[in-house]
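>>> All I have is the shape, not the residue letters:
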């Protein structure tokens, strides 16, 4: 096998040391989560910034058991689907693990979705119970599905008028004192092969589809990325709690609240998406107001980020390792990530494959495996892949270099087809974002009678910037081949992005039809 991890069979294999997978087939997510809790029962497990509430690992295990008991008493059984429609909170974590702890299946939904969008999820997942909050309840009350309310309730709303719906008073039942009503003996056996969660990809090209910490413990991770998404749920919350690390939960992102929380709780690891990395790189004056010296690792994922932005952020936070990773819902989290303690960084790569993951880079035209440095579709295989998948077609273009570093170029569907050439929007966006007066940018194809498609850009300028269309075109012109030059530039106030940080190019492309 080459230094790149590339084998004679056309498969790239992880160069990292292997990890031990639990051999007991009866190991479930919850038992695995709390397997070492007795070694650090009084360590802080979860902090909820929004309600200033803290749970130790002993307390978290207790409330998860209570949640399982409540759900079981409500008739939830193994294999039943329970939908969670709620923002990040201690209770989200509690209820999610309470669901999977009795062998039921948890599915999640974006709280910003409309009733119509939620209806599609309900039709697909068929939940028997919805867990939501009082303010989100109006979005689901028409579905005639029993609801369990979490979070604070308005005065006098201890119960709902409809007997088919159930509400629980905050801090009284789900955070009640005392021991569990049940020992868990009547819960069914949970196997590793059982489905625990039904998660949906972020769906940037249409409707949604159904870290290595170097052995360190006692780190503090802040989680403002949504827990209904694989990044917030698995990569941060579950992954770090099972290691004995602390998770600081926030219901929504606010830059100053994040920075204030980093200072207050001495956050060591900050996992972000590209829009937040951009803010951290560009808004230096805000960063100087807070003590951020506790941050050891700043990691970006969910969408490609150019090396210029990584380098800018590294200069602003010199004590931290600034790294990038790659993951997806179908892989239950991370696929590749840079090692914060060794190797070359700020290259624009997403690092080598994590242990247990194999990859192919295949030609988009012939589907034949490609060696290092050649671009093709990224295919993945491993025990972390969702059920029913052998080789997962990611729909992403990328390549491995000679050292086994994975570079994600762009989505196949996002490529701009200029005659016989292909242009990756992410490449041009990275060049634009390297300019100090450009806060954000999106590049999309524009129909052209001769070339088929040409690249155009929508740009967010910094306040007081005097950049015009010609200036921006000249920024790009000397750095790319002639066919990649921008044909048009439009100035906008904000680039729309998904909660996972991916640019919603579709909104612009549809606007050109």
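Received, thanks. A quick note: this is a predicted structure, and the numbers were derived from the prediction, not measured.

>>> Now do the buried residues in stretch 245-256.
245, 246, 247, 248, 249, 250, 251, 253 (16 or more other Cβ atoms under 10 Å). Placement of C-beta: from N, CA and C, glycine included.

>>> Please convert those residues to JSON lines, extending it with distance to residue 286.
Conversion of the buried residues of stretch 245-256 to JSON lines gives the following (distance: Cβ to Cβ, whole Å):
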{"residue": "245", "distance to residue 286": "26"}
{"residue": "246", "distance to residue 286": "24"}
{"residue": "247", "distance to residue 286": "24"}
{"residue": "248", "distance to residue 286": "19"}
{"residue": "249", "distance to residue 286": "22"}
{"residue": "250", "distance to residue 286": "17"}
{"residue": "251", "distance to residue 286": "21"}
{"residue": "253", "distance to residue 286": "14"}
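
>>> now, which of those residues lie within strands?
246, 247, 248, 249 (DSSP state E).

>>> which residue ranges form the strands in the stretch 401-513 of the chain?
Using DSSP state E, counting those that start in this stretch, the strands of the stretch 401-513 of the chain run over residues 406-411, 416-418, 421-423, 438-448, 452-461, 488-491.

>>> Return the most buried member of the ones you listed.
strand 406-411 (a mean of 22; mean count of other Cβ atoms under 10 Å).

>>> so it versus strand 438-448, what angle?
Relative orientation of strand 406-411 and strand 438-448, computed by axes from the mean of the first three to the mean of the last three Cα atoms, to 10 degrees: 50 degrees.

>>> just to revisit the earlier point, averaging pLDDT over each of the strands of the stretch 401-513 of the chain, which comes out lowest?
Least confident of these, judged by mean pLDDT, is strand 421-423 with a mean of 81.

>>> Now the element after the lowest-mean-pLDDT helix or strand in the chain, going C-ward?
Least confident helix or strand of the chain, by mean pLDDT, DSSP states H and E, is strand 166-167 with a mean of 42. Next helix or strand after strand 166-167 toward the C-terminus (DSSP states H and E): strand 197-198.

>>> same for the very next helix or strand once past that following strand, what does it pack against?
Where DSSP H and E defines the elements, the next helix or strand beyond strand 197-198 is strand 220-223. On a contact count with 3 or more Cβ pairs under 8 Å, 6 or more residues apart in numbering; DSSP states H and E, strand 220-223 meets strand 246-249, helix 255-265, strand 269-272.

>>> And the next helix or strand past strand 220-223?
helix 230.

>>> chain center to that following helix, what's the gap?
5 Å (Cα atoms, centre = their mean, to the nearest Å).

>>> now what about it, what contacts it?
199, 327, 328, 329, 332, 333 (Cβ atoms under 8 Å, 6 or more residues apart in numbering).

>>> now those in CSV, with neighbour count, distance to residue 35 and pLDDT?
Formatted as CSV, the contacts of helix 230 follow (neighbours: other Cβ atoms under 10 Å; distance: Cβ to Cβ, whole Å; pLDDT from 0 to 100):
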residue, neighbour count, distance to residue 35, pLDDT
199, 20, 23, 73
327, 22, 24, 84
328, 24, 27, 79
329, 21, 25, 75
332, 22, 18, 76
333, 21, 19, 76
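
>>> What is the helix ranked longest in the chain packed up against?
Longest helix in the chain, counting residues (DSSP state H): helix 57-73. Contacts defined by 3+ Cβ pairs under 8 Å, 6+ apart place helix 57-73 against strand 44-48, helix 90-100.

>>> if you set the cut-off to 6 Å instead, what comes out?
Counting contacts by 3 or more Cβ pairs under 6 Å, 6 or more residues apart in numbering; DSSP states H and E, helix 57-73 packs against helix 90-100.

>>> Determine the next helix or strand in the C-terminal direction from the helix it packs on.
With secondary structure assigned by DSSP H and E, helix 90-100 is succeeded by strand 105-108.

>>> Kindly check the end-to-end length of stretch 385-398 for me.
19 Å (Cα to Cα, to the nearest Å).

>>> So what touches it?
330-331, 375, 378-381, 406-412 (Cβ atoms under 6 Å, 6 or more residues apart in numbering).

>>> Could you rerun that using 7 Å?
Contacting residues not belonging to stretch 385-398 are listed as 195, 328, 330-332, 360-361, 375-381, 406-413, 424 [Cβ atoms under 7 Å, 6 or more residues apart in numbering].

>>> buried ones in it?
Buried, per 16+ other Cβ under 10 Å, within stretch 385-398: 385, 386, 392, 394, 396, 397, 398.

>>> Residue 331 reaches residue 378, doesn't it?
No - applying Cβ atoms under 7 Å as the test, residue 331 and residue 378 come out as separate, 10.8 Å apart.

>>> returning to what we had before: mind putting the strands of the stretch 401-513 of the chain in JSON lines, distance to residue 69 included?
Shown next, in JSON lines, are those (distance: least, Cβ to Cβ, whole Å):
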{"stretch": "strand 406-411", "distance to residue 69": "44"}
{"stretch": "strand 416-418", "distance to residue 69": "55"}
{"stretch": "strand 421-423", "distance to residue 69": "56"}
{"stretch": "strand 438-448", "distance to residue 69": "47"}
{"stretch": "strand 452-461", "distance to residue 69": "50"}
{"stretch": "strand 488-491", "distance to residue 69": "56"}
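
>>> Give me the phi and psi for the closest residue to residue 245 other than its chain neighbours.
The shortest distance from residue 245 to any non-neighbouring residue, by Cβ to Cβ, 6 or more residues apart in numbering, is to residue 219 (4.7 Å). Phi and psi for residue 219, reported as degrees, to the nearest 10, are phi -100, psi 170.

>>> Please report how far residue 219 lies from residue 42.
As judged by Cβ to Cβ, to the nearest Å, residue 219 and residue 42 stand 17 Å apart.

>>> Who has more neighbours out of these two?
A direct count of neighbours by other Cβ atoms under 10 Å for residue 219 and residue 42 places residue 219 higher, at 18 against 9.

>>> how close does the more buried one sit to residue 327?
When residue 219 is compared with residue 327 (using Cβ to Cβ), they lie 19 Å apart.

>>> ditto for residue 358
For residue 358 relative to residue 327 (Cβ to Cβ), the value is 15 Å.

>>> could the contacts of helix 230 go into CSV alongside secondary structure and distance to residue 489?
Output for the contacts of helix 230, formatted as CSV (DSSP: H, G, I helix; E, B strand; the rest coil; distance: Cβ to Cβ, whole Å):
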residue, secondary structure, distance to residue 489
199, coil, 38
327, strand, 32
328, strand, 32
329, helix, 34
332, coil, 40
333, strand, 37
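
>>> Of all pairs in those, which one is the farthest apart?
The largest separation in the contacts of helix 230, counting by Cβ to Cβ, is between 199 and 327 at 12.3 Å.
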